[in-house]
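1. let's see this in three dimensions:
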Amino acid sequence: MGYKIIFVGLIGLLFFGCEDSPEQEERVLPRAAGNINEVIIIADPKHWDGPIGDSVNAVLGAPMSGLPQDEAIFELHQVAPTKVNQLLKQVVNLIYIITLDNPSPEGKKLLTYLGENTINKIKSQKETFLLYEKDLFAKGQFITFMVGRSKEDFLRKFSANKDLVKDAWLKCQRNRAHFQLYKNGMHQAMTNQLKENFQVSFDVPKNYQEVISD
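-> Predicted coordinates for the structure are as follows:
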């Protein structure tokens, strides 16, 4: 698989915004399922129910700022690697949490998603932590692989990159929401009306309707 490897010092430069490329549009894939704010976490339960899971949940599952009630940025749902089926592979958001030294059946299953070549690259490039892939199992999908050489190595690298991980997922979420909002284009007449009557600059989506004007 053609993973993009992200080094600790370059992560901000290499993440992308979840747009489809012409090459990917030609691939015959099912449409990814699920809500844009739901993320399936594929991880060994022993790791998720410990410091690794606590660290990831504290960042991606933190309450969203500016709301009157607590609402998580993302709804995180952990699934054991050996329980993953074809339907789960096709959800819109996936995060794989992997440590290379995990000898359990769950840990060995996680390594199969990386492949031998990728594992060797990670072993030789010690600061590699994040790998990403889009449209791997379904169209419109965003996948992040977070890989540590050990549990301690994972926690250190995640702590150093937690803000960048969060920003990358928020950017992807915003781009998807923008696409859904403007997929039918812009309502030019209403956009012009807002500008002329209220001096407000806002691109009104095509499917919006005027209910009242005051």
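2. which helix of this structure spans the most residues?
-> Using DSSP state H to define each element, the chain has its longest helix at helix 151-182.
3. model confidence score at the most centrally placed residue in the chain, please.
-> By Cα atoms, centre = their mean, the chain has its centre lying nearest to W169, at 4.5 Å. Looking at W169, its pLDDT reads 88.
4. repeat that for G185.
-> Note for G185: predicted pLDDT of 65.
5. before we move on, what about R27?
-> We have a pLDDT of 59 for R27.
6. over to A80?
-> Reported pLDDT at A80 in the predicted model: 97.
7. contacts only, for it.
-> A80 sits next to 42-45, 106 when contact means Cβ atoms under 8 Å, 6 or more residues apart in numbering. C-beta here means a position set from N, CA and C on the backbone, and glycine is covered the same way.
8. what bridges to E75?
-> Beta bridges link E75 to E38 when assigned by DSSP bridges.
9. got the contact list for it?
-> E75 is in contact with 35, 37-39, 61, counting by Cβ under 8 Å, 6+ apart.
10. and the gap between it and P103?
-> Here the criterion is Cβ to Cβ, to the nearest Å. By it, E75 lies 31 Å from P103.
11. look at V165 and report its pLDDT.
-> On the pLDDT scale, V165 is placed at 92.
12. skipping its backbone neighbours, what lies nearest it in space?
-> Distances taken as Cβ to Cβ, 6 or more residues apart in numbering put V59 closest to V165, at 6.7 Å, once the chain neighbours are dropped.
13. cool, and I42?
-> Once flanking residues are discounted, I42 sits nearest to Y96: 4.8 Å by Cβ to Cβ, 6+ apart.
14. and that neighbour, how many neighbours?
-> Neighbourhood size, Y96 [other Cβ atoms under 10 Å]: 20.
15. ranges for the helices of the chain?
-> Here the chain has its helices, by DSSP H, at 11-14, 22-25, 45-48, 51-60, 86-89, 105-112, 116-124, 151-182, 188-198.
16. please identify the deepest-packed of those.
-> Greatest average neighbour count among those goes to helix 45-48 (a mean of 18), per mean count of other Cβ atoms under 10 Å.
17. so which helix or strand of this protein has the lowest pLDDT on average?
-> Taking mean pLDDT, DSSP states H and E as the measure, the chain has helix 11-14 as its least confident helix or strand, at a mean of 34.
18. circling back to that earlier point, what pLDDT does the residue nearest to V165 get?
-> If you check V59, the pLDDT there is 95.
19. residue contacts, it?
-> Residues in contact with V59 (Cβ under 8 Å, 6+ apart) are 162, 165-166.
20. mind checking how far the residue nearest to K151 when sequence neighbours are not counted is from A62?
-> Leaving aside its chain neighbours, K151 sits nearest to T99 (5.5 Å; criterion: Cβ to Cβ, 6+ apart). Separation of T99 from A62 (Cβ to Cβ): 23 Å.
21. how about V147?
-> Counting by Cβ to Cβ, the gap from V147 to A62 is 23 Å.
22. in this protein, where is pLDDT below threshold?
-> For the chain, applying pLDDT under 70 flags the ranges 1-27, 178-187, 189-191, 194-195, 198, 202, 204-206, 208-214.
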